[in-house]
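**Q** task: produce atomic coordinates for the following.
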Amino acid sequence: MLKMISSPNEAIANIFKFEAEVERSVDLQGRLAYARSWYAVKFEDGWRFGPSKFVGYQDMDAETYLEAGENNESDGRRTEAQLQTYFMDWGTSDELNAALVSFLAKFGKKPSTKARINILRDRRLLSRQPVIEDEVVMAMAVIAKAKLSREQISALVDQLEDHLA
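**A** You can find the predicted model right below:
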């Protein structure tokens, strides 16, 4: 039985995993034009995409995705409901639409005419490898070493949020 994701980081990881899985699976490539609800994240190297039924379930790979589709085990309504807590429908965006068209064109496909694209509600949910100079990493180190009270931690988090905004 398929299990729903429980965090935005799982969704982001699945979007990256989808790209690798679609590269290696001709059968998965054959399903690309049928996806209606796409989820996207943008990093320095551009937009990455994944369909809701891939992004919304844990431990998904090409084989599991295809089998779940054949056996009617995956439910887009469930994944949509879960993913909407982390993502929002972006409407029409020339940049996003062009990026999705370009992504699908690599496999000789076009998006469904009913396709819609969702992006992260909060870009701060994007995970990345921290660098040692990263202020957030430094603040976490201070918290860990200083054994601060909850009030002190809360005040430090507020200061960081103001600084990063």
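
**Q** how close does the residue most central in space within the chain sit to Lys42?
**A** By Cα atoms, centre = their mean, the chain has its centre lying nearest to Ile12, at 2.9 Å. For Ile12, the distance to Lys42 equals 11 Å [Cβ to Cβ, to the nearest Å]. Glycine gets a C-beta too; all of them are placed from N, C-alpha and C.

**Q** ok so, going back, the residue nearest to the centre of the chain contacts Val41, doesn't it?
**A** Yes. With contacts counted by Cβ atoms under 8 Å, Ile12 reaches Val41, the gap being 5.5 Å.

**Q** which residues does Glu19 contact?
**A** Contact partners of Glu19, counting by Cβ atoms under 8 Å, 6 or more residues apart in numbering, are 48-50.

**Q** repeat that for 6 Å
**A** Arg48 (Cβ atoms under 6 Å, 6 or more residues apart in numbering).

**Q** residues near Thr85, how many?
**A** For Thr85, the tally of surrounding residues (other Cβ atoms under 10 Å) stands at 12.

**Q** let me know the pLDDT of it.
**A** Thr85 carries a pLDDT value of 90.

**Q** how about the one 3 residues further on?
**A** As predicted, Met88 sits at a pLDDT of 90.

**Q** check Val137 too.
**A** According to the prediction, Val137 has pLDDT 55.

**Q** what does the one 3 residues further on give?
**A** The predicted local confidence for Met140 comes out at a pLDDT of 59.
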